[in-house]
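Generate a structure from the sequence data that follows.
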Amino acid sequence: MERTGPTVRFSGLLAACTAAVLAAGALVATAPAASAADVDVARNGGFEAGLDGWSCTAGSGAAVSTPVYGGTKALKGTPAGNDNARCSQAVTVKPNSRYTLSAWVQGSPVYLGATGTGTTDVSTWTQSTGAWKQLTTSFTTGPGTTSVSVYTHGWYGAPAHYVDDLTLVGPGGDPVVLPAVPAGLRTTAVTSSSVALSWNAVSGATGYHVYRGGTKVATVTGPAATVSGLAASTAYSFQVTATNAAGESAKSAAVTATTTAGGGGGDTKLPARALVGYLHSSFANGSGYTRMADVPDSWDVVNLAFGEPTSVTSGDIRFSLCPVKECPNVESEAEFKAAIKAKQAAGKKVLISIGGQNGQVQLSSTAARDAFVTSVSKIIDTYGLDGLDIDFEGHSLSLNTGDNDFRAPTSPVIVNLISAVKTLKAKHGSDFILTMAPETFFVQLGYQFYGSGPWGGQDPRAGAYLPVIHALRDDLTLLHVQDYNSGPIMGLDNQYHSMGGADFHIAMTDMLLAGFPVAGNTSRVFPGLRPDQVAIGLPASTHAGNGHTSPAEVNKALNCLIKKTDCGSYQTHGTWTDLRGLMTWSINWDRFNNWEFSRNFNTYFGR
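Numbering: from 1, shown residues only. Predicted structure coming up:
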């Protein structure tokens, strides 16, 4: 689970931006003046109505009364961590028309720009830290452009900046009219706890509201949604409306769907709020070795890390305790087994975790599949374990070219893994616990990219866990995606979210619970999971992995997802009161960090 990532040096980017601003300056100098018939088409550019009309990342923007350039309010943007305090607004424009974008700014650096112009997107910036300075740039819209996004932001780790009196002057856009009623509402997937819906896109709509039995239950930006948290074997009625700046359309014709009978993945005698941790049982690292008997009672699920294959494609999984030479304080096999039984007697669950960063597992043949079943079952029986955690990373899972529907996978490594797990579940009974710990690359990235793509050339691992999760959803106890060692991932708000703060966990978890169209295909919607099937995966300390999140930010994420408070700019698609809990890499690193992670969990949930 442990990797490092690239760093970004501000000085190199600053040099590149200096060249860009010189070019932008030349552009501004030759830009023609707006004609007398032109108008300011930006909305609330003086921020007198707060942030009305504006969308700011991670709660980074606020309307303040001082300092201001004009009027009584200005925008204050506060970069933090991996967030540059970007605030943007979609503006209606006319095709083949010239527009001039301008704003007064204070701070260093401050950026101003426009995207989606249909020609060449533009931006400019300033290093001025003293008095207010005006930034200006211009662009011509493309022949089919009717909307552009104007934005402003600062820079990572820089102090707060201010923006006021932003204008976009040019021909006025066509008046916004109420969108038409959505047509073609249909179900695309039904489970015991969710219904996935899609409908025909409506021209001029900027969003959609989904209603269940006349009550609004979701708001989305595209023509698809998954309604979760439903009761098994129950009929529901759904409708949808389209929205834009002019208001909301009438409701569509209703569609009904009946959820399936309940599966066996949720009732596993876990507490309502579960704390899951990985225990370095087969190796040592800088965190030190922790005996099973010394794991505190806070941990409800203990994943033994790791069972690894004899070779990448053998499917033959082996597990043994850390060698004495590497771990001088390692317990004996008998002591280890006794400690597992003691944990189970106290109501805890102990699983074997397969894979990890170094344990690549590719079940590319039926022989490997069968060896996997036999060897994993032997480990479970030998140590008297409660189930299996799948922690396939690296190149363990990938999709063959042409395998583009997560609902009907054809790639052998995917098909054989699904078959193997179902066999293990059937062999060990209804109390068998199944958990998974994929990285965001294999799950949430599937919102944008799936496999090698319709024309090839993409990374075939993108979204590759989705068919596994989907096929096993009724057997799945917990999914705890690793919200760390991750690059920026696009959320359901179509904004990129970066690890390390509450916003990332909110957006990534909401995607799992609300569901999403895979690779943007609204006819292939990954249905959301039940909240009790989902936990948030985080590193226990700064040493444990990139993306460590402070306890205060962890609590903000929990508040938003469970209580719908402290959400910042991201709006969840439900109030996920039954969210199961948290997972961490690892128990050893939490011990190394004076149990900060588990103590915060206990305090938050009153345990």
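
Which is the succeeding secondary structure element to the helix or strand bottoming out on mean pLDDT in the chain?
Lowest on mean pLDDT, DSSP states H and E among the helices and strands of the chain sits helix 10-30, with a mean of 33. On the C-terminal side of helix 10-30, the closest following helix or strand by DSSP states H and E is strand 39-40.

What strands line up against that following strand, and which way round?
Applying DSSP bridges, strand 39-40 is found paired with strand 161-170 (antiparallel).

So what's the gap between the partner strand and the chain middle?
Relative to its chain's centre, strand 161-170 lies at 31 Å (CA atoms, centre = their mean, to the nearest Å).

same question, stretch 239-249
26 Å.

Any buried residues in it, and which?
Within stretch 239-249, the residues scored as buried using 16 or more other CB atoms under 10 Å are 239-244, 248-249. All C-beta atoms are positioned from the backbone trio N, CA, C, and that covers glycine.

ditto for stretch 347-364
Residues of stretch 347-364 classed as buried: 348-356, 359-363 (neighbour count, 16+ other CB under 10 Å).

got the CA coordinates for that stretch in CSV?
Provided in CSV are the C-alpha atoms of stretch 347-364 (Å, rounded to 0.1, in the frame of the first residue of the first chain):
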residue,chain,number,x,y,z
GLY,A,347,-16.4,-9.9,18.6
LYS,A,348,-13.5,-8.8,16.3
LYS,A,349,-13.0,-10.1,12.8
VAL,A,350,-9.6,-11.2,11.4
LEU,A,351,-9.1,-11.5,7.6
ILE,A,352,-6.2,-12.5,5.3
SER,A,353,-5.4,-9.6,2.9
ILE,A,354,-4.1,-10.7,-0.5
GLY,A,355,-1.8,-8.6,-2.6
GLY,A,356,-0.4,-5.2,-1.4
GLN,A,357,2.1,-3.1,-3.2
ASN,A,358,4.5,-6.0,-3.9
GLY,A,359,2.1,-9.0,-4.2
GLN,A,360,1.0,-8.8,-7.8
VAL,A,361,-1.7,-11.5,-8.5
GLN,A,362,-2.9,-12.2,-12.0
LEU,A,363,-5.5,-15.0,-12.3
SER,A,364,-5.1,-15.2,-16.0
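
Which parts of the stretch 151-300 of the chain are strands?
Per DSSP state E, counting those that start in this stretch, the stretch 151-300 of the chain carries strands over the ranges 161-170, 186-190, 195-198, 207-212, 215-220, 224-227, 235-244, 247-248, 255-258, 274-280.

Please read the previous query as pertaining to the stretch 451-600 of the chain.
Counting by DSSP E, counting those that start in this stretch, the stretch 451-600 of the chain has these strands, from start to end: 478-479, 489-490, 496-497, 515-518, 521-527, 535-539, 581-585.

want to throw those strands into CSV with mean pLDDT and distance to Ala371?
Conversion of the strands of the stretch 451-600 of the chain to CSV gives the following (pLDDT from 0 to 100; distance: least, CB to CB, whole Å):
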stretch, mean pLDDT, distance to Ala371
strand 478-479, 98, 26
strand 489-490, 95, 34
strand 496-497, 94, 39
strand 515-518, 91, 31
strand 521-527, 86, 30
strand 535-539, 98, 28
strand 581-585, 98, 27
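
between these, which gets nearest to Ser108?
strand 496-497 (23.7 Å; CB to CB).

Distance from the chain centre to stretch 411-424, please.
The answer for stretch 411-424 is 26 Å, by CA atoms, centre = their mean.

Need the residues that contact it.
Defining contact as CB atoms under 8 Å, 6 or more residues apart in numbering, one finds that stretch 411-424 is touched by 315, 362-366, 368-370, 372-373, 376-377, 380, 388, 390, 392, 396-400, 403, 409, 432, 434, 464, 467-468, 471-472, 475.

Mind doing that once more with 6 Å?
With CB atoms under 6 Å, 6 or more residues apart in numbering as the test, stretch 411-424 has contacts from 362-364, 369, 372-373, 397, 399-400, 403, 409, 467-468, 471-472.

among those, which are in helices?
Among the contacts of stretch 411-424, the ones falling in helices (DSSP state H) are 369, 372-373, 467-468, 471.

Go through those and name the one nearest Ser281.
Phe372 (19.7 Å).

Could you give the number of residues near the closest one?
For Phe372, the count of nearby residues is 25 (other CB atoms under 10 Å).

For the residue lying closest to it once chain neighbours are set aside, which residues are in contact?
Distances taken as CB to CB, 6 or more residues apart in numbering put Gly315 closest to Phe372, at 3.9 Å, once the chain neighbours are dropped. Taking CB under 6 Å, 6+ apart, we find Gly315 in contact with 363, 368, 371-372.

so where do the helices sit in this structure?
10-30, 333-345, 366-383, 412-428, 466-471, 502-514, 551-558, 587-592, 596-604.

Could you identify which of these has the lowest mean pLDDT?
Lowest mean pLDDT of the helices of the chain: helix 10-30, a mean of 33.

Name all residues that make contact with the residue sitting nearest the centre point of the chain.
In the chain, the residue lying closest to the centroid (CA atoms, centre = their mean) is Met508, at 2.1 Å. For Met508, the contacting residues are 444, 483, by CB under 6 Å, 6+ apart.

Distance of it relative to Gly170?
Separation of Met508 from Gly170 (CB to CB, to the nearest Å): 38 Å.

pLDDT score assigned to Gly81?
pLDDT for Gly81: 76.

what do you get for Phe47?
Phe47 is assigned 94 on the pLDDT scale.

ok, it - contacts?
Counting by CB under 6 Å, 6+ apart, Phe47 makes contact with 63, 73-75.

Looking at these, which is nearest Thr141?
Ranked by distance to Thr141 (CB to CB), these are led by Leu75 at 24.7 Å.

Return the set of residues that bridge with the closest one.
Beta bridges link Leu75 to Ala63, Val163, judged by DSSP bridges.

does it really touch His161, like I thought?
No: Leu75 is beyond contact range of His161, at 8.7 Å (criterion: CB atoms under 6 Å).

which of the contacts of Gly315 lies closest to Gly456?
Using CB to CB, the contacts of Gly315 come closest to Gly456 at Leu363, 23.7 Å.

Just give the nearest non-adjacent residue to that closest one, would you?
In space, and not counting its chain neighbours, Leu363 is closest to Asn416: 3.9 Å by CB to CB, 6+ apart.

got it, and Ala218?
The shortest distance from Ala218 to any non-neighbouring residue, by CB to CB, 6+ apart, is to Val210 (4.1 Å).

What residues does the one you found make contact with?
Per CB under 6 Å, 6+ apart, neighbours of Val210: 217-218, 225, 240.

Out of these, which end up buried?
Looks like the contacts of Val210 have 217-218, 225, 240 buried, using 16+ other CB under 10 Å.

Dump the residues you listed to CSV, plus distance to Thr260 and pLDDT.
Output for the buried ones among the contacts of Val210, formatted as CSV (distance: CB to CB, whole Å; pLDDT from 0 to 100):
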residue, distance to Thr260, pLDDT
Val217, 19, 84
Ala218, 20, 84
Ala225, 19, 85
Val240, 22, 97
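
Those: which two are farthest apart?
Most distant of those, by CB to CB, are Val217 and Val240, 10.6 Å apart.

Surely Ala544 is in contact with Asn588?
No: between Ala544 and Asn588 there is no contact under CB under 6 Å: 8.7 Å.
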